[in-house]
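Novice: here's a sequence, model it:
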Amino acid sequence: MAAKLAISGGKKTVPDGFIQPWPQVTQSDRDAIAEVIASEKITEQQRVQSEGLANEWADYMGVEYCIPVNSGTAALHLCVAGVGIEPGDEVIIPAFTFWATAAAVLHHNAIPVFVDIDPVTYCIDPSAIAAKITERTRAILPVHIHGMPADMDPILEIAKKHNLKVIEDVAQAHGARYKGKLCGAFGDAAGYSTQASKTLSSGCQGGLFTTNDEQIHKRAALLQYFGEIVVPGQEREEQEYNAYGLGWMYRGDMFSQALIRSQLKRLDANNGLRVENCQYLTKHLSKLDGIETPVTPEGCEPVYYNYVVGFDPAALGLDISPRTMREKVQAALRAEGVPTGQWQRLPVPSQEIFQNQIGYGTGCPWRCNNSTVEYKTEDYPQAVEFIDSHCYIFDVNPPNDSELMSYYVEAFHKVMDQLGAVLEVPETA
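Specialist: Predicted structure coming up:
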């Protein structure tokens with residue numbers, strides 16, 4: 001007889017307290033923070049940690065320039081400014097992403113233009129880009145979503161053909177590779193988040209900007225610090241207090257940067273364990289009818305920021321929507337102790353700011369640039385379908401290992417083996 005479902009009062013599958021949180025903080029991480037606070041001249045650590053992180057990330061990525069900043073959104077804004085985007089210019093981005101990808105474009109008074117996603121990778125669909133290019137288009141901004149590399153070869157070909165810049169959003173994909181090359185090393189500039197949940201974590205907030213282009217770097221550096229030219233560590237002695245352009249205060253924090261530098265030493269090892277965990281899940285969950293597991297295209301080496309699971313009731317002969325099946329199974333899995341959830345609830349262009357073109361409160365950048373761009377949810381069917389039919393399994397990160405993954409698999413089998421009962425559980429359960 002099947003074990004009683006936890007959502008119906010049975011024993012949960014994953015033991016309480018078994019899941020270990022991310023980021024995993026080691027003694028070496030604590031020592032890195034302690035070294036900052038123990039410095040006799042603590043203000044000097046702002047320069048030491050920023051320069052150290054910039055050099056180490058640039059070296060890891062194999063690029064010329066890196067600027068550490070206070071968020072991934074700031075890093076993307078540096079990219080937008082650095083490549084020379086002007087007010088009213090259009091930047092093509094995927095309809096499924098965190099909305100900060102689009103916000104970075106809006107921050108520079110430019111206009112996001114959305115493209116639907118590929119149904120296999122959930123990244124931007126290269127075949128849909130060309131139809132969105134206009135005389136105002138200046139850049140393509142692919143996102144390596146969930147740690148899965150976007151299909152960069154056709155994107156770069158399109159950009160070359162139309163003389164467009166390429167900005168990579170690598171917020172969720174530190175260390176991921178496309179055809180042997182690190183994501184973030186393909187385009188004209190790249191932005192990375194080091195927010196607490198990311199594969200390279202600051203424990204709080206942070207971001208990184210990279211480029212190989214000297215001019216792009218110079219523009220980004222001005223934006224990062226109020227539009228002023230600043231010699232790190234020599235602000236009082238040499239700062240002109242003369243803004244050469246509109247800039248923001250995007251400098252990062254020395255304590256979080258110290259933690260990032262320490263975490264960077266374990267990035268590849270931690271990614272390796274994420275991959276092992278997720279490959280274990282795919283091996284076992286792919287055997288369950290009605291469950292869809294991630295597909296890795298040839299040449300892609302994802303790092304699994306989160307593990308994505310899809311639900312297909314038609315494969316089980318069920319006359320219900322994928323969303324209904326997802327919501328019911330998710331509730332049952334959570335009761336079993338499996339941390340599942342939604343991330344984005346609707347495509348970014350369906351959010352209020354785009355539907356009503358609120359912008360800066362007067363309809364800018366659309367109205368002030370005479371833009372005719374419209375945002376219709378029906379233009380992004382793959383993004384809508386993905387959101388309705390997929391959820392995430394969280395905590396696939398180190399130090400969690402195959403023992404926890406085996407509990408996840410056990411819980412999935414328990415729930416799917418009793419799917420009829422799961423579907424009958426009232427919404428209030």
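Novice: on the three-state scheme, the closest residue to Pro112 other than its chain neighbours is what?
Specialist: Computed as Cβ to Cβ, 6 or more residues apart in numbering, the closest residue to Pro112 that is not its neighbour in sequence is Ala102, at 4.1 Å. C-betas here are computed from N, CA, C, even on glycine. What DSSP: H, G, I helix; E, B strand; the rest coil gives for Ala102 is helix.
Novice: what's the weakest-modelled helix or strand in this protein?
Specialist: Least confident element among the helices and strands of the chain, by mean pLDDT, DSSP states H and E: helix 235-238 (a mean of 69).
Novice: which secondary structure elements does the lengthiest helix in the chain contact?
Specialist: Using DSSP state H to define each element, the chain has its longest helix at helix 267-285. Using 3 or more Cβ pairs under 8 Å, 6 or more residues apart in numbering; DSSP states H and E as the contact test, the elements touching helix 267-285 are strand 307-311, helix 402-417.
Novice: which one of those is the most hemmed in?
Specialist: strand 307-311 (a mean of 23; mean count of other Cβ atoms under 10 Å).
Novice: could you list every residue that touches Gln195?
Specialist: 71-72, 171, 201-202, 204-207 (Cβ atoms under 8 Å, 6 or more residues apart in numbering).
Novice: care to break the protein down by domain?
Specialist: For the chain, the structural domains run 6-22+267-344+385-424, 27-266, going by automatic domain parsing.
Novice: which of those sits most buried?
Specialist: domain 27-266 comes out most buried of those by mean count of other Cβ under 10 Å, with a mean of 20.
Novice: just checking, Tyr241 touches Gly227?
Specialist: No: when contacts are counted by Cβ atoms under 8 Å, Tyr241 is not listed as touching Gly227 (11.0 Å).
Novice: helices or strands up against the helix or strand following the longest helix of the chain?
Specialist: Later in the chain than helix 267-285, the nearest helix or strand by DSSP states H and E is strand 291-292. Contacts defined by 3+ Cβ pairs under 8 Å, 6+ apart place strand 291-292 against strand 307-311.
Novice: pull up the pairing partners for the strand it packs on, direction included.
Specialist: Strand pairing for strand 307-311, using DSSP bridges, gives strand 291-292 (antiparallel), strand 390-393 (antiparallel).
Novice: among the helices and strands packed on helix 267-285, which is nearest Lys218?
Specialist: strand 307-311 (38.8 Å; Cβ to Cβ).
Novice: low-confidence stretches in the stretch 101-250 of the chain?
Specialist: The model of the stretch 101-250 of the chain has pLDDT under 70 over residues 231, 233-237, 242.
Novice: my read: Val105 touches Ile93, true?
Specialist: Yes: at 7.0 Å, Val105 and Ile93 qualify as touching, with contact defined as Cβ under 8 Å.
Novice: could you pull out the helices for this protein?
Specialist: 27-37, 45-61, 72-82, 100-106, 152-162, 214-224, 235-238, 254-264, 267-285, 322-335, 352-355, 381-389, 402-417, 419-424.
Novice: JSON lines for these, including distance to Thr13?
Specialist: Converted to JSON lines, the helices of the chain look like this (distance: least, Cβ to Cβ, whole Å):
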{"stretch": "helix 27-37", "distance to Thr13": "31"}
{"stretch": "helix 45-61", "distance to Thr13": "38"}
{"stretch": "helix 72-82", "distance to Thr13": "34"}
{"stretch": "helix 100-106", "distance to Thr13": "35"}
{"stretch": "helix 152-162", "distance to Thr13": "39"}
{"stretch": "helix 214-224", "distance to Thr13": "48"}
{"stretch": "helix 235-238", "distance to Thr13": "56"}
{"stretch": "helix 254-264", "distance to Thr13": "31"}
{"stretch": "helix 267-285", "distance to Thr13": "14"}
{"stretch": "helix 322-335", "distance to Thr13": "9"}
{"stretch": "helix 352-355", "distance to Thr13": "39"}
{"stretch": "helix 381-389", "distance to Thr13": "23"}
{"stretch": "helix 402-417", "distance to Thr13": "4"}
{"stretch": "helix 419-424", "distance to Thr13": "14"}
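Novice: closest to Gly299 out of those helices?
Specialist: helix 152-162 (8.8 Å).
Novice: packing partners for that closest one?
Specialist: strand 137-140, strand 165-169.
Novice: would you turn those into a markdown table with distance to Val396?
Specialist: Below are the helices and strands packed on helix 152-162 laid out as a markdown table (distance: least, Cβ to Cβ, whole Å):
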| stretch | distance to Val396 |
| --- | --- |
| strand 137-140 | 30 |
| strand 165-169 | 21 |
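Novice: nearest to Ile124, of the ones you listed?
Specialist: Of all the helices and strands packed on helix 152-162, strand 137-140 comes closest under Cβ to Cβ, at 7.9 Å.
Novice: neighbouring strands - and their directions - for the closest one?
Specialist: Counting by DSSP bridges, strand 137-140 is paired with strand 90-94 (parallel), strand 165-169 (parallel).
Novice: want to throw these into CSV with distance to Asp151?
Specialist: What follows is the strands paired with strand 137-140, written out as CSV (distance: least, Cβ to Cβ, whole Å):
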stretch, distance to Asp151
strand 90-94, 12
strand 165-169, 12
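Novice: so which of those gets nearest Val63?
Specialist: Of all the strands paired with strand 137-140, strand 165-169 comes closest under Cβ to Cβ, at 11.2 Å.
Novice: measure how the closest one sits relative to helix 152-162, angle-wise.
Specialist: 150 degrees (axes from the mean of the first three to the mean of the last three Cα atoms, to 10 degrees).
Novice: which residues does strand 165-169 contact?
Specialist: 72, 76, 79-80, 83-85, 91, 93, 97, 101, 138-144, 150, 155-156, 159, 183-184, 186-191.
Novice: distance between that strand and the chain's centre?
Specialist: 14 Å (Cα atoms, centre = their mean, to the nearest Å).
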